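Asks: Test case, fold it:
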Amino acid sequence: MHQTATRPTIPLVERVINDTQSPEYKFLSQYDSQDPRGDIVLLDVPERCFYLSECLLSCDDRDNVDALPSPDLLPDFAGERITTLIDLLYPPYHGFVAADNTAALREITVRAALSAVDTACCLGPFDHEKRSVKPSAKLLLISSPYLAAFGGFDVDTLFRSTGALAPVISVPEQMICQVMDRHEGAVNIGVLSDSLTASSGAYQAVFKELALKRGDTYSTVFPFYVPEGAFPDSAAVAPAEKPVDLFKSILNQYSRSGKAQALTTLIVDDFRVDVDSLRASYARILAMPSEENAFYRKMLSKGFEFVSVSRFVTDACFQYLRDHNLFTHNIAYPIASAYITSPESKGYLLMDFDVNALPPEMVERLQVLAPGTYKMYVQDQYHARGN
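Replies: As a prediction, this is how the structure comes out:
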């Protein structure tokens, strides 16, 4: 009755697949992947949820009628609802990797995906029996490299085996896949992230599995990290003050590693980094003849390119909705909505967004990082309480 997995999955997925009377199996079996009324749902940690949600809300890179790459003064996701499931219980995820407990990360990913597809959530941390209704996801975006690397397989197995076929975009996997498709032969991909993500091996795990599927034994991936002190302490989300130095310091990491292959692409997965500044630095390295720049040019292949995670998310999401006719076509600005994991639960139970549940220092960062999204969340919470 079910597709057999090529490798073992976690007990939670096995239980749902084999127990057709379980609540999870029932709502998964009733899932309609052709229903355009659902939400675009992001699964990630708070800062990344806010930042990527803001990108989806504000982007206007395409014509909404013919999808040509030209702004038309109408948001690309007009009429859509961008929902984030903000995990306050389990981050930072690198702790699970450091403790060699990736099985827990796999379960967190599956529970987050189930919560995205489910239409119920609790009203508050002390109201677990009184459930409120939320829209189901019509598209899941797993942007966290940790969730994608360690739980993506289990989510895919669960959806396929139950027939739900809920559309999932695993951002790290599909970014790497796009680079490999775009370039002939072996590719050498750099991934720029924070130091913890770079050292965790998350992107390396995604790449290893993808290369195995494709039979590619020649391509490589190299984790870069943003050097300490690259950003002012008073503005953690500001672009680097010296973008040329930042790009060169990144390339210096590659040089010190002893790698000889020229880089094909640099994936930028750190929202603190201004990708345009990196592009400007790259252009200066190409244009200005000097011994130093010649040294850096040797590390970069002909046709070297940057891939921004934020731009990839908006492009991939827009293309999927258009290809599958899942846009709502409502004449309205996109809106943001959020749910957070209940601090009183031991599993993965959602409650309506409550700004008071966030640590004060996080609130300050989020207001700077994504002011439009933050305002929508707070207003939505304010009106939901009858004000």
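Asks: Tell me who's in contact with residue 198.
Replies: Taking C-beta atoms under 8 Å, 6 or more residues apart in numbering, we find residue 198 in contact with 191, 223-225. (C-beta placed from N, C-alpha, C; glycine too.)
Asks: Quick one: the strands in the protein, in order.
Replies: For the chain, applying DSSP state E gives strands covering 39-44, 81-86, 120-122, 131-133, 137-142, 168-170, 188-193, 220-225, 263-268, 300-308, 335-341, 350-352.
Asks: what residue is smack in the middle of this structure?
Replies: The residue lying closest to the centre of the chain (C-alpha atoms, centre = their mean) is residue 143, at 1.3 Å.
Asks: for the stretch 201-350 of the chain, what are the low-confidence residue spans?
Replies: 229-244, 345-346 (pLDDT under 70).
Asks: Could you rerun that using 50?
Replies: Of all residues in the stretch 201-350 of the chain, those with pLDDT under 50 make up the ranges 233-244.
Asks: Which pLDDT value belongs to the residue nearest to the centre of the chain?
Replies: Looking at residue 143, its pLDDT is 94.
Asks: so it sits right up against residue 309, yeah?
Replies: Yes. Assessed by C-beta atoms under 8 Å, residue 143 is found in contact with residue 309 at 7.0 Å.
Asks: tally of neighbours for the closest residue to residue 162 other than its chain neighbours?
Replies: Distance criterion C-beta to C-beta, 6 or more residues apart in numbering; nearest residue to residue 162, sequence neighbours excluded, is residue 28 at 4.3 Å. Number of residues near residue 28 (other C-beta atoms under 10 Å) recorded here: 23.
Asks: re the thing from before, any common contacting residues for residue 143 and residue 309?
Replies: 52, 171.
Asks: before we move on, the earlier item: tell me the one of the contacts of residue 198 nearest residue 358?
Replies: Checking these against residue 358 by C-beta to C-beta gives residue 225 as the nearest, at 26.3 Å.
Asks: what's the distance between that closest one and residue 377?
Replies: Distance of residue 225 to residue 377, given as C-beta to C-beta, to the nearest Å: 30 Å.
Asks: Counting neighbours, go ahead and name the busier of those two.
Replies: Remark: of residue 225 and residue 377, residue 377 carries more neighbours, 24 against 18, as counted by other C-beta under 10 Å.
Asks: mind checking how far that one is from residue 338?
Replies: Here residue 377 is placed at a distance of 5 Å from residue 338 (C-beta to C-beta).
Asks: shared neighbours of those two, which are they?
Replies: residue 353.
Asks: Can you tell me the closest non-neighbouring residue to residue 91?
Replies: Residue 91 sits nearest to residue 45 (C-beta to C-beta, 6+ apart), 4.5 Å away.
Asks: I'd say that neighbour and residue 145 touch.
Replies: No. Contact criterion C-beta under 8 Å: residue 45 and residue 145 do not qualify, at 10.8 Å.
Asks: The two: which is more packed in?
Replies: residue 145 (29 against 18).
Asks: Could you double-check that that one sits in contact with residue 172?
Replies: Yes. With contacts counted by C-beta under 8 Å, residue 145 reaches residue 172, the gap being 4.7 Å.
Asks: Overlap of the contact sets of the two?
Replies: Common contacts of residue 145 and residue 172, defined by C-beta under 8 Å, 6+ apart, comprise 202-203, 206, 269.
Asks: What segments of the stretch 51-200 of the chain are helices?
Replies: Under the criterion DSSP state H, counting those that start in this stretch, helices of the stretch 51-200 of the chain are mapped to 94-98, 102-117, 145-162, 171-182, 195-200.
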